[in-house]
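Q: Here's my sequence, what's the structure:
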Amino acid sequence: MASILRELEGPAGWCYPSSNELNLLNQNGNWQIQLSQCMSRIVPVSGFEEIHERQYIRQFYRASVNDKFCEVTLSTVWKDERVVGADCYYGLFDQLDDTGVGLTSDPFG
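A: Okay, here's the model as predicted:
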């Protein structure tokens, strides 16, 4: 799924802006160019985290552009049945607001 986002240079239809209050995409401003530049470079910054056993596994991805960085949370499985595409959360943040990986850790579902 990350390779799709890099190719699109932005979020896919199954991605949602993170509700984190520090997410610049939830504020006024034209952030599309910086988001596109950033999303085209995302790489994994965490291992796979199993949040609910055999139900929800996620991994965080990040990249930087100038004084901003983007973060994407991608889920990989729901039970043993299918890939979950709807649980993709993304955000664009100021470097000064970086409190560590997990800024786009919105609630599952």
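
Q: any idea how far Glu9 is from the spatially most central residue of the chain?
A: Note on the chain: the residue nearest the mean C-alpha position is Val72, at 1.2 Å, using C-alpha atoms, centre = their mean. Val72 sits 13 Å away from Glu9, going by C-beta to C-beta, to the nearest Å. In this view, the C-beta of every residue, glycine as well, is placed from N, C-alpha and C.

Q: okay, and the common contacts of these two?
A: Counting by C-beta atoms under 8 Å, 6 or more residues apart in numbering, the residues touching both Val72 and Glu9 are Met39.

Q: Sticking with Leu92, tell me its helix or strand.
A: strand 88-94 (DSSP states H and E).

Q: So which bits of that strand are buried?
A: Residues of strand 88-94 classed as buried: 88-93 (neighbour count, 16 or more other C-beta atoms under 10 Å).

Q: List just the nearest of these to Cys15.
A: Cys88 (3.8 Å; C-beta to C-beta).

Q: For the closest one, give me its contacts.
A: Per C-beta under 8 Å, 6+ apart, neighbours of Cys88: 1, 5, 11-12, 14-16, 72-75.

Q: Buried by neighbour count, from the residues you listed: which ones?
A: The buried subset of the contacts of Cys88 - by 16+ other C-beta under 10 Å - is 1, 5, 11, 15, 72-75.
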